[in-house]
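> Here you go, sequence then predicted model.
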Amino acid sequence: MSRIGRLPIAVPAGVTVEIAANNVVTVKGPKGTLTRELAPEMEIKNENGTIVVTRPNDLKRMKSLHGLTRTLINNMVIGVTEGYQKVLEINGVGYRAAKSGKKLTLNLGYSHPVEMEDPEGIETVLEGQNKITVKGIDKEKVGQYAAEIREKRRPEPYKGKGIKYADEVIRRKVGKTGKK
């Protein structure tokens, strides 16, 4: 039995969960609304303030979908109540970020500044010139946009220059040694 899939999802006050035909789940909360179409094989029930996901049989695919479906709904509930955020740090001499409106401008040692537009439902906040916080209610979109920003200049292992997640540890390498 799926240990995660079995767990009921508690629906906090102020959050409404609607389950339409074909397992289209809509979660409304104080921060916004999220809609997602989930696997039609799973049975999703709203039982007095908690959501329970059950599977029809014990095939490997159903076991996989069971935990996934429950986690996706749980992430939606957390997203509309608390929201998600990822913090990125820019390390390197002359590397910095600037923000104007919805446009994020990154100076990363290239001959040109890299400009990125905030996607719908995602907000970037700058703390100083080298800390970027990506915020939103959809966990998947927040993670994707943070990964796209990081990809513009990945951290390198010798000096640690580049854009990294705040909780990421860069494995450092020892550089060349001179002749004796």
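Great, that's in hand.

> if I look at the closest residue to residue 82 other than its chain neighbours, how far off is residue 85?
Nearest-residue entry for residue 82: residue 31, 7.7 Å, with adjacent residues in sequence omitted and distances by C-beta to C-beta, 6 or more residues apart in numbering. Where C-beta positions appear, they are placed from N, C-alpha and C, glycine not excepted. Distance, residue 31 to residue 85, by C-beta to C-beta, to the nearest Å: 12 Å.

> and what of residue 42?
29 Å.

> Neighbour count for these two, which is higher?
Legend: neighbour count by other C-beta atoms under 10 Å for residue 42 and residue 85, higher for residue 42 (19 against 13).

> How about the contacts made by the more buried one?
23, 53, 54, 55, 65, 66, 69 (C-beta atoms under 8 Å, 6 or more residues apart in numbering).

> The second one: what's it in contact with?
Read it as residue 53. 5, 9, 42, 43, 44, 66, 69, 70, 73.

> and the spatially closest residue to it that is not a sequence neighbour, how many neighbours?
Distance criterion C-beta to C-beta, 6+ apart; nearest residue to residue 53, sequence neighbours excluded, is residue 70 at 4.5 Å. Applying other C-beta under 10 Å, we find 24 other residues in the vicinity of residue 70.

> Just the buried ones from the contacts of residue 42?
23, 53, 55, 65, 66, 69 (16 or more other C-beta atoms under 10 Å).

> any idea how far the second one is from residue 68?
Think residue 53. From residue 53 to residue 68 the distance is 10 Å (C-beta to C-beta).

> intersection of neighbour lists for the two?
Common neighbours of residue 53 and residue 68 (C-beta under 8 Å, 6+ apart) do not exist.

> Residue 131 is in contact with residue 87, correct?
Yes: applying C-beta atoms under 8 Å, one finds residue 87 in contact with residue 131, separated by 6.7 Å.

> What helices and strands are in contact with the helix or strand hosting residue 5?
In this structure, residue 5 sits in helix 3-6 according to DSSP states H and E. The contact analysis (3 or more C-beta pairs under 8 Å, 6 or more residues apart in numbering; DSSP states H and E) places helix 3-6 against helix 60-81.

> Any stretches of this structure with poor pLDDT?
Scanning the chain for pLDDT under 70 picks out 1-2, 180.

> so where do the strands sit in it?
With DSSP state E as the criterion, the chain has strands at 9-10, 16-19, 24-29, 32-37, 43-47, 50-54, 84-91, 96-100, 103-107, 114-117, 122-127, 131-136, 162-165.

> Disregarding flanking residues, what is the spatial nearest neighbour of the most centrally placed residue in the chain?
By C-alpha atoms, centre = their mean, the chain has its centre lying nearest to residue 143, at 3.0 Å. Spatial nearest neighbour of residue 143, chain neighbours left out: residue 86 (6.6 Å); criterion: C-beta to C-beta, 6+ apart.
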